[in-house]
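Trainee: Below is the structure, and that's it, no one-letter string:
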């Protein structure tokens, strides 16, 4: 009986991880996360920088925030988003470095 509870907990974890990776697999959402990696960014700035509407940016931000990939902070009338979790920040920074290494390796070939 205890084994089934652990298996179920493991299955729940896998499902949550898969959903997190699914959210990050969308190029626009990934660009939004990367834009919030080093410093808080406002919705309007992100939308303009990515060439999308503010309402589309807000839609993506709502999903990313619900998944705890981004945190929001209100400053007056604007809301700023940032990657507040060090695990997410570290994983993305490592992946960016990893992909960059592959590109550099291909250039040498």
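Mentor: Yep, that arrived. Quick caveat, the model's predicted, so the values are computed rather than measured.
Trainee: Sketch out the low-pLDDT regions of this protein for me.
Mentor: Counting by pLDDT under 70, the ranges of the chain that qualify are 1-3, 5-6, 8, 102-109.
Trainee: let's go with 50 and repeat that
Mentor: The chain contains residues with pLDDT under 50 at 1.
Trainee: Now do the helices in it.
Mentor: Listed in chain order, the helices of the chain (DSSP state H) span 2-25, 27-35, 43-50, 54-66, 86-108.
Trainee: could I get the ones you listed as TSV with distance to residue 80?
Mentor: (Glycine included, C-beta is placed from N, CA and C.) What follows is the helices of the chain, written out as TSV (distance: least, CB to CB, whole Å):
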stretch	distance to residue 80
helix 2-25	20
helix 27-35	11
helix 43-50	8
helix 54-66	11
helix 86-108	16
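Trainee: quick one: the most centrally placed residue in the chain and residue 10, what's the gap?
Mentor: By CA atoms, centre = their mean, the mean C-alpha position of the chain lies nearest to residue 33, the distance being 4.1 Å. Distance of residue 33 to residue 10, computed by CB to CB, to the nearest Å: 26 Å.
Trainee: which residues touch the closest residue to residue 37 other than its chain neighbours?
Mentor: In space, and not counting its chain neighbours, residue 37 is closest to residue 83: 5.2 Å by CB to CB, 6 or more residues apart in numbering. Counting by CB atoms under 8 Å, 6 or more residues apart in numbering, residue 83 touches 33, 36, 37, 69, 70, 71, 89, 92.
Trainee: same deal with residue 53?
Mentor: Contacts of residue 53 by CB under 8 Å, 6+ apart are residue 47.
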